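**Q** Just the structure for this:
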Amino acid sequence: MKKIFIFCSTVLFFIAQTIAQPVKPKEEFNKQEKSEEKKSNLSDLIFNPDATVVTTHSTTINGKQIPYKATTGTLPVWDENGKTIAGLFFIYYERTDVKDKSTRPLIISFNGGPGTASVWMHIGYTGPYLLNINDEGYPIQPYGYTQNPYSILDVTDILYVDPVNTGYSRMVGKDIPKEKFFGVNADIKYLGDWINSFVTRYDRWASPKFLIGESYGTTRVSGLALELQQAHWMYLNGVILVSPTELGIERGASTGSALLLPYYAATAWYHKKLPQDLQQKELTQMLPEVESFTMNELIPAMNKGSNLSDAEKQKLATKISRYAGISEKVILQNNLSINTNLFWKELLRNEGYTIGRLDSRYKGIDKKEAGERPDFNAELTAWLHAFTPPINMYLRNVLNYKTDFTYKMFGNVYPWDNKNNRVGENLRSAMATNPYLHLLVQSGYFDGACDYFNAKYNLWQMDPSGKLKERMSWEGYKSGHMMYLRKEDLKTSTNHLRDFIQKAIPKAGTPAMY
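**A** Numbers count the residues shown, from 1 in each chain. A predicted model of the protein is given here:
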């Protein structure tokens, strides 16, 4: 289960459950001045699970002016008896010069954790504004944001959703059972109900619909694809998995360990730790050799366990060392199985650095060079540094959503129930029963938490017959978990999204049939 909790191992979830009411838009203040004066004398802030603010904007994407409005606020989660049990915070961007919503796509965006908000793809990838970072994705000051010339708002409306206890989303009372929200299948169920409510309230039933999830969000949207079909009779056109988890597809310890080698090779290539004959090749020219070795030699050998002879072990250790950039001695000491923590600590140990988990381009400095794991995740620290100021500034100053409670970059969603995780099979079933449904997977080569080769392996295992492969596609980028933080990959990956969305929408009158 090591890939389910993508970010959470490095974050202390200690933010208090203080809840506030969003401030009304300026035009509403005069009407409610008297009641607001009364409330201002109270020290307690009251969460409103059903309140929104609407603002209008314009941006330029690919040289074209795009007018749009943003609806920011909360929409309730109701239980089976119609009782409000939570309010989900959302930001909904809707292009305003498109009159026919039946042909205008809607993409619904989730991030992962499972306890993190939708902030990452919102101001880092697809939304109309981008945070200030350098071209490789590192934090810079002054903090802030600028219009995103690569936003996909030109081709689709976008809905960003914060699950319960992330962002500004909250349960409405302490007596609400956490089991209704915090688990693989509970998460899918209540979010499916909420999506139905949103689509109905905002009149989007006719629109082509897409889901995009990153990290644990890929677990979420893979399960939602089937949940929406079976429980709400809502059929999607596309699902996009950005840096996917294992999707509940079993590997086994030996196979799971072996599948990491191509990621190790990519990272060693980036840090110039490979032999010259490999190092001089382009990344995508070098990796097929490693992938072939992994599938055809390493996985069968690792599954032999103690049946391997000493000579076979030595031969494999030599090959693994050649591709991973670490010594044969360390590889043999670990029975050919190098876990990710050890790799992040070992690769640059002699230079005094560790490397990042979610993006292995990043370097960290530990208290001691000795040890078997880094002291901290260098990349996550940098990302929280970069993202937290601008999202708080942007929500308040651009979207006019003003509140006194904390926007939770990460929230406490524990204990999380991981039982019966079959989302990979759920997604396969949704695709098999919906001929319209397409799948795009996007991976960063330097992502060590949700590595690119395991993402490919997911596709192979989901579709053993090969009958769905014409509707499945995979794209790789020379970056990490959030590959869009690198400007070159932001341009490429958003174009891949545009192409995918347009491809997944059939021509008018095309029947959904085999």
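**Q** Counting neighbours, what do you get for Tyr150?
**A** For Tyr150, the neighbour count with other C-beta atoms under 10 Å is 20. Any C-beta I mention is one placed from the backbone N, CA and C, and that applies to glycine too.
**Q** any idea how far Pro128 is from it?
**A** Tyr150 is 10 Å from Pro128, where distance means C-beta to C-beta, to the nearest Å.
**Q** And for the helix or strand containing Trp460, what's in contact with it?
**A** Per DSSP states H and E, Trp460 falls inside helix 452-462. If you take C-beta atoms under 8 Å, 6 or more residues apart in numbering as the criterion, helix 452-462 is touched by 3, 241, 243-244, 246-247, 249, 251, 259-263, 266, 291, 294, 424-425, 427-428, 439, 441, 443-445, 468-469, 472, 474, 476.
**Q** Now, the residues you listed that are in strands?
**A** Secondary structure from DSSP state E places Leu241, Leu439, Val441, Ser443, Gly444, Met472, Trp474, Gly476 of those in strands.
**Q** pretty sure the last one contacts Tyr445?
**A** Yes. Shown here, Gly476 and Tyr445 form a contact pair, counting by C-beta atoms under 8 Å, at 5.7 Å.
**Q** quick one: which of those two has more around it?
**A** The neighbour count for Gly476 versus Tyr445, taken as other C-beta under 10 Å, is higher for Tyr445 (25 against 20).
**Q** buried residues in the longest helix anywhere in the chain?
**A** Taking DSSP state H as the criterion, the chain has its longest helix at helix 378-397. For helix 378-397, the neighbour count (16 or more other C-beta atoms under 10 Å) marks 378-384, 386-387, 389-391, 394-395 as buried.
**Q** Please apply the same query to stretch 466-474.
**A** Leu468, Arg471, Met472, Ser473, Trp474.
**Q** What's the mean pLDDT across it?
**A** Stretch 466-474 shows a mean pLDDT of 97.
**Q** ok, how many other residues are close to Gln280?
**A** Neighbours of Gln280 under the rule other C-beta under 10 Å: 10.
**Q** Distance check, the residue lying closest to Pro49 once chain neighbours are set aside against Asp50.
**A** Counting by C-beta to C-beta, 6 or more residues apart in numbering, Pro49 lies nearest to Gly87, which is 2.5 Å off, once chain neighbours are set aside. Separation of Gly87 from Asp50 (C-beta to C-beta): 6 Å.
**Q** Between those two, which has more neighbouring residues?
**A** Comparing Gly87 with Asp50 by other C-beta under 10 Å, the one with more neighbours is Gly87, at 24 against 11.
**Q** and the helix or strand where that one lies, what does it pack onto?
**A** In the assignment (DSSP H and E), Gly87 maps to strand 84-95. Applying 3 or more C-beta pairs under 8 Å, 6 or more residues apart in numbering; DSSP states H and E, we find strand 84-95 packed against strand 64-78, strand 157-162, strand 170-171, helix 184-201.
**Q** Just tell me which of the ones you listed ends up closest to Arg486.
**A** strand 157-162 (21.3 Å; C-beta to C-beta).
**Q** Show me what the closest one packs onto, helices and strands only.
**A** By 3+ C-beta pairs under 8 Å, 6+ apart, strand 157-162 packs against strand 84-95, strand 106-110, helix 184-201.
**Q** would you turn the ones you listed into CSV with distance to Arg357 and mean pLDDT?
**A** Output for the helices and strands packed on strand 157-162, formatted as CSV (distance: least, C-beta to C-beta, whole Å; pLDDT from 0 to 100):
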stretch, distance to Arg357, mean pLDDT
strand 84-95, 28, 98
strand 106-110, 21, 98
helix 184-201, 22, 98
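**Q** so where do the strands sit in the stretch 251-400 of the chain?
**A** With DSSP state E, counting those that start in this stretch as the criterion, the stretch 251-400 of the chain has strands at 354-355, 363-364.
**Q** ranking these by burial, who's on top?
**A** The highest average neighbour count among those, using mean count of other C-beta atoms under 10 Å, belongs to strand 354-355 at a mean of 27.
**Q** Give me the packing partners of that strand, helices and strands only.
**A** Checking 3+ C-beta pairs under 8 Å, 6+ apart, strand 354-355 ends up next to helix 340-346, strand 363-364.
**Q** So what's the gap between the first one and the chain middle?
**A** Same thing as helix 340-346. Centroid separation for helix 340-346 versus its chain: 23 Å, with C-alpha atoms, centre = their mean, to the nearest Å.
**Q** What lies in contact with it?
**A** With C-beta under 8 Å, 6+ apart, helix 340-346 has contacts from 2, 260, 264, 267, 324, 326, 330, 334, 338, 354-357, 360, 366, 371-374, 448-449.
**Q** got the CA coordinates for it in CSV?
**A** The C-alpha trace of helix 340-346 is given here as CSV (Å, rounded to 0.1, in the frame of the first residue of the first chain):
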residue,chain,number,x,y,z
THR,A,340,12.9,3.7,-2.7
ASN,A,341,14.0,5.2,0.6
LEU,A,342,17.4,3.6,0.3
PHE,A,343,17.8,4.7,-3.3
TRP,A,344,16.9,8.4,-2.5
LYS,A,345,19.5,8.3,0.3
GLU,A,346,22.2,6.3,-1.6
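**Q** Not counting sequence-adjacent ones, nearest residue to Asn334?
**A** In space, Asn334 comes closest to Leu342 once its chain neighbours are excluded; the distance is 6.9 Å by C-beta to C-beta, 6+ apart.
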